[in-house]
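**Q** Mind looking at a prediction? Sequence and model below.
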Amino acid sequence: MAGFEVTALDYADEAIARTHRRLREAGLDATLVQADALAWSPDRPFDAVYEQTCLCALYPDQWRDYADQLHRWLAPGGRLYALFVQFARPGAAAGAIEGPPYHCDINAMRALFPAPRWAWPKPPYPRTTHPRGLEELAVVLERR
């Protein structure tokens, strides 16, 4: 894909099959892996990881394991291109954990991806609109 080696990971067989068809139709190639993101390991570290909708789909008790996985997947100096979904639900003020998608509060994300392990850019962070009408904060973190 435009000179990059690309590996795509998804838990769902149908998502992998659909992606395979779309890549073939576009004349593109990538390695597609059907696996649990919390259990899978690449053969070698990546220079970059694009994270969109995996984190917010996981129950928040699993976020630490996933953040540790992302750190392991990236080579030192590698970049995590993250889109943190912004979807605070009414019950959040009372401590309810509602989702998916789960709201990825930027302060929670800073604690999940702490500065000793990750270099954070200075805020404010660009907001982008998700196809489902949600908003996401676009943040590029560098693995230390």
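**A** Cool, the structure landed. Numbering: from 1, shown residues only.

**Q** so where's this protein shaky on pLDDT?
**A** 1-2 (pLDDT under 70).

**Q** where along it do the strands fall?
**A** Using DSSP state E, the strands of the chain run over residues 7-10, 31-34, 46-52, 74-86, 118-119, 127-129, 135-143.

**Q** closest one to residue 25 among those strands?
**A** strand 31-34 (14.2 Å; C-beta to C-beta). The way it works is simple: take the backbone N, C-alpha and C, and place the C-beta from them, glycine included.

**Q** Report all helices and strands that that closest one contacts.
**A** strand 7-10, helix 13-26 (3 or more C-beta pairs under 8 Å, 6 or more residues apart in numbering; DSSP states H and E).

**Q** Pick the most buried one from the ones you listed.
**A** Comparing the helices and strands packed on strand 31-34 on average neighbours per residue, with mean count of other C-beta atoms under 10 Å, the densest one is strand 7-10 at a mean of 16.

**Q** What helices and strands are in contact with that strand?
**A** helix 13-26, strand 31-34.

**Q** could you dump these to JSON lines with distance to residue 3?
**A** Below are those laid out as JSON lines (distance: least, C-beta to C-beta, whole Å):
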{"stretch": "helix 13-26", "distance to residue 3": "15"}
{"stretch": "strand 31-34", "distance to residue 3": "15"}
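
**Q** ok so, going back, can I get the strands of the chain in CSV with distance to residue 66?
**A** Shown next, in CSV, are the strands of the chain (distance: least, C-beta to C-beta, whole Å):
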stretch, distance to residue 66
strand 7-10, 12
strand 31-34, 16
strand 46-52, 9
strand 74-86, 11
strand 118-119, 14
strand 127-129, 21
strand 135-143, 14
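
**Q** Of all those, which one is nearest residue 59?
**A** Taking the strands of the chain one by one with C-beta to C-beta, strand 74-86 is closest: 14.2 Å.

**Q** could I have the closest one exported to PDB, CA atoms only?
**A** This file holds the C-alpha atoms of strand 74-86, laid out as PDB (Å, rounded to 0.1, in the frame of the first residue of the first chain):
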ATOM      1  CA  LEU A  74       5.800  -0.700  18.400                       C
ATOM      2  CA  ALA A  75       9.600  -0.300  18.000                       C
ATOM      3  CA  PRO A  76      11.200   2.400  20.100                       C
ATOM      4  CA  GLY A  77      10.400   5.700  18.400                       C
ATOM      5  CA  GLY A  78       7.400   4.100  16.600                       C
ATOM      6  CA  ARG A  79       4.300   6.100  16.400                       C
ATOM      7  CA  LEU A  80       0.800   5.400  17.600                       C
ATOM      8  CA  TYR A  81      -1.800   7.200  15.500                       C
ATOM      9  CA  ALA A  82      -4.800   7.200  17.800                       C
ATOM     10  CA  LEU A  83      -8.300   8.400  17.400                       C
ATOM     11  CA  PHE A  84      -9.900   8.500  20.900                       C
ATOM     12  CA  VAL A  85     -13.700   8.500  20.700                       C
ATOM     13  CA  GLN A  86     -15.500  11.200  22.500                       C
END
